[in-house]
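Undergrad: give me the fold of what follows.
(one chain, ligands or ions: 2)
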Amino acid sequence: MDKIRVRGGKPLKGEIPISGAKNAALPLMSVSLLTDETLTLGNLPHLADITTMAGLLAQLGTEIALNGQSHPGGHTGRIMELTSRNIRQTRADYDLVRKMRASVLVLGPLLARAGRAEVSLPGGCAIGTRPIDLHLMAMQKLGAEIELKEGYVVATAPRGLTGGSVAFPMVSVGATENLMMAASLARGTTEIVNAAREPEIVDLAKCLTSMGAKIEGAGTDKILIHGVDRLHGARHDVVVDRIETGTYAMATAITGGSVELIGAERELIGTVCTVLERAGVALKSTNRGLHVSLANGPLQGTDAITEPFPGFPTDLQAQFMALMTVSQGAAMITETIFENRFMHVPELARMGANITVHGASAMVRGVPRLTGAPVMATDLRASVSLVMAGLVAEGDTILNRVYHLDRGYERLTEKLEACGADIERIHG
Ligand SMILES: CC(=O)N[C@H]1[C@@H](OP(=O)(O)OP(=O)(O)OC[C@H]2O[C@@H](n3ccc(=O)[nH]c3=O)[C@H](O)[C@@H]2O)O[C@H](CO)[C@@H](O)[C@@H]1O
Ligand SMILES: C=C(OP(=O)(O)O)C(=O)O
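TA: Ligands and ions are numbered 1, 2, ... in the order given. Just a heads-up that it's a prediction; the model follows:
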């Protein structure tokens, strides 16, 4: 199994191209199930999760073609053509859903197009139990019948779906996405109350609209979808990855470096920028993206609480915690989205961090230095937080279980190395 070795002490300097967003790309790929014409997606990141979703769609009958594409930032976003002329199969197997929870995003499109979907229940994962009850409730509101059989959700709508009003009791990105996709082909109008407002939702609405869907209010907590009889093919470029942007902004800050994040958009991480500025990070929009460096003086302990967009994203909580481990003073970091998203704490502690967890909050007291250690993490963002800590730690940090990083960070070691980091991937 591959490992990453990182030796701390080099400030990051230069530029880092930001890739297309994994969390936008995955629902966009499943959109292709809604039409028999070709959906062309540009700026797709090269990630394990994208390969997994392509594998799932291929099983269902989607034909997939992949091409390279050059971007001004010098990185290669890819172009994927997805054509779901016929749905061959309506079952998403446990093996794939277990590996990648976003597989559940085929539920809405399959039901809307084929009138049937069988999706394995995902089960829990490292960051929490992550049920899919809201996805199922939403499909039921559109008239689907849901049964649980041998670990699978069997959803049927033999006479098609009918629009309805769905009020979510809590904000769910995935359930909002599944519902938007299903409602696009339902009879009549669907109203989503307490919808997720994430930029990935706006990107999904843009793509669906360019395919002929009628959607109002994406990006607000109330979305209206007027169902249409059919959707047609389209070309859509995936929005830039706000989580990758935030990760490299924090990686730059932790090393006291100076990096321009090419293609980054400040508006996608507004709250993160406010928190980082409070902590002593200077962020400046440029005509190519966002420039990051330290303002005057050392990093300052700053509190953060994770919330649905436009709040501070849970997917940047681990990285922000790594940043706070070497700041001056204390920071209270509160996780409100997932019940078990502090697995990086004991690993950061092995590197010398001073962190105490009280329920959903972690008190981080800044230390003058971290020291390298062998570490491992059980999820994507926890893994990258350990790489960040390794960038400032004295000596070598060896990160195990690198496959988590491959799910969400395209060419991580190359991007950091190009900015002067002493980092390498050890193939094993
Ligand atoms: C592929 C993708 O886009 N993943 C993102 C998406 O995950 P995902 O779409 O799975 O996250 P949700 O927004 O649905 O989850 C938010 C909260 O709602 C709960 N919940 C969700 C659905 C449901 O049916 N019942 C229920 O109780 C979850 O357990 C969690 O506590 O949004 C999360 C929150 O921003 C991010 O951390 C993930 O990176
Ligand atoms: C939790 C994440 O992804 P997923 O929802 O695919 O597990 C993430 O991107 O941090």
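Undergrad: next, the residue in the stretch 251-400 of the chain positioned nearest to ligand 2: secondary structure please.
TA: Here the residue of the stretch 251-400 of the chain nearest ligand 2 is Asp315; by C-beta to the nearest ligand atom that distance is 4.1 Å. C-beta here means a position set from N, CA and C on the backbone, and glycine is covered the same way. Of the three states, Asp315 takes helix under DSSP: H, G, I helix; E, B strand; the rest coil.
Undergrad: please verify my assumption that it contacts Arg381.
TA: Yes: the criterion here is C-beta atoms under 8 Å, and Asp315 meets it with Arg381 at 5.5 Å.
Undergrad: now do the phi/psi pair for the residue lying closest to Glu265 once chain neighbours are set aside.
TA: Nearest residue to Glu265 in three dimensions, chain neighbours excluded: Val240, at 5.8 Å (C-beta to C-beta, 6 or more residues apart in numbering). The phi and psi torsions at Val240 (degrees, to the nearest 10) take the values phi -70, psi 150.
Undergrad: show me what Val240 bridges to in the sheet.
TA: Gly20 (DSSP bridges).
Undergrad: tell me who's in contact with it.
TA: 18-21, 43, 263-265, 268 (C-beta atoms under 8 Å, 6 or more residues apart in numbering).
Undergrad: for ligand 1, what's the nearest residue on the stretch 51-200 of the chain?
TA: Counting by C-beta to the nearest ligand atom, the stretch 51-200 of the chain gets nearest ligand 1 through Gly174, at 2.8 Å.
Undergrad: what helices or strands is the helix or strand that residue falls within leaning on?
TA: Using DSSP states H and E, Gly174 falls within helix 173-184. Applying 3 or more C-beta pairs under 8 Å, 6 or more residues apart in numbering; DSSP states H and E, we find helix 173-184 packed against helix 22-31, helix 107-114, helix 133-141, strand 189-193, helix 199-210, strand 222-226.
Undergrad: what mean pLDDT does the first one have?
TA: What it means is helix 22-31. The average of the pLDDT scores along helix 22-31 is 98.
Undergrad: can I get it as CSV, trimmed to CA atoms?
TA: Taking Å, rounded to 0.1, in the frame of the first residue of the first chain, the C-alpha atoms of helix 22-31 are listed here in CSV:
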residue,chain,number,x,y,z
LYS,A,22,-15.4,16.1,-6.6
ASN,A,23,-18.7,16.8,-4.7
ALA,A,24,-20.1,18.6,-7.7
ALA,A,25,-18.8,16.1,-10.3
LEU,A,26,-20.4,13.0,-8.6
PRO,A,27,-24.0,14.2,-8.8
LEU,A,28,-23.4,15.7,-12.2
MET,A,29,-22.3,12.3,-13.5
SER,A,30,-25.4,10.7,-12.3
VAL,A,31,-27.5,13.4,-14.1
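Undergrad: contact partners of it?
TA: Residues outside helix 22-31 that contact it (C-beta under 8 Å, 6+ apart): 39, 41, 44-45, 47, 49-50, 53-54, 57, 80, 82, 100, 102, 105-106, 109, 173-174, 177, 181, 198-200, 203-204, 207-208, 211, 236, 238-239, 241, 243, 315, 407-408.
Undergrad: and if you look at the last one?
TA: Taking C-beta under 8 Å, 6+ apart as the criterion, the residues outside strand 222-226 that touch it are 163, 176, 180, 183-184, 186, 188-193, 195, 201, 205, 213-217.
Undergrad: the helix or strand that comes right after that strand: partners in the sheet, and parallel or antiparallel?
TA: Following strand 222-226 in sequence order, the next helix or strand is strand 234-237 (DSSP H and E). Strand pairing for strand 234-237, using DSSP bridges, gives strand 38-44 (parallel).
Undergrad: quick one: the next helix or strand after the partner strand to helix 107-114, angle?
TA: Counting by DSSP H and E, the next helix or strand C-terminal to strand 38-44 is helix 48-60. Counting by axes from the mean of the first three to the mean of the last three C-alpha atoms, to 10 degrees, helix 48-60 lies at 20 degrees to helix 107-114.
Undergrad: elements contacting helix 48-60?
TA: Contact here means 3+ C-beta pairs under 8 Å, 6+ apart; on that basis helix 48-60 packs against helix 22-31, strand 63-70, helix 94-99, helix 403-408.
Undergrad: before we move on, the earlier item: how about the residue of the stretch 51-200 of the chain closest to ligand 1, what does it touch?
TA: Contact analysis of Gly174 by C-beta under 8 Å, 6+ apart lists 27, 101-102, 104-105, 132, 135.
Undergrad: tell me which residues of the helix holding Gly174 are tucked away?
TA: By neighbour count with 16 or more other C-beta atoms under 10 Å, helix 173-184 contains the buried residues 173-184.
Undergrad: now do the shared contacts for Asp315 and Arg381.
TA: What both Asp315 and Arg381 touch, as defined by C-beta under 8 Å, 6+ apart, is the set Ile243.
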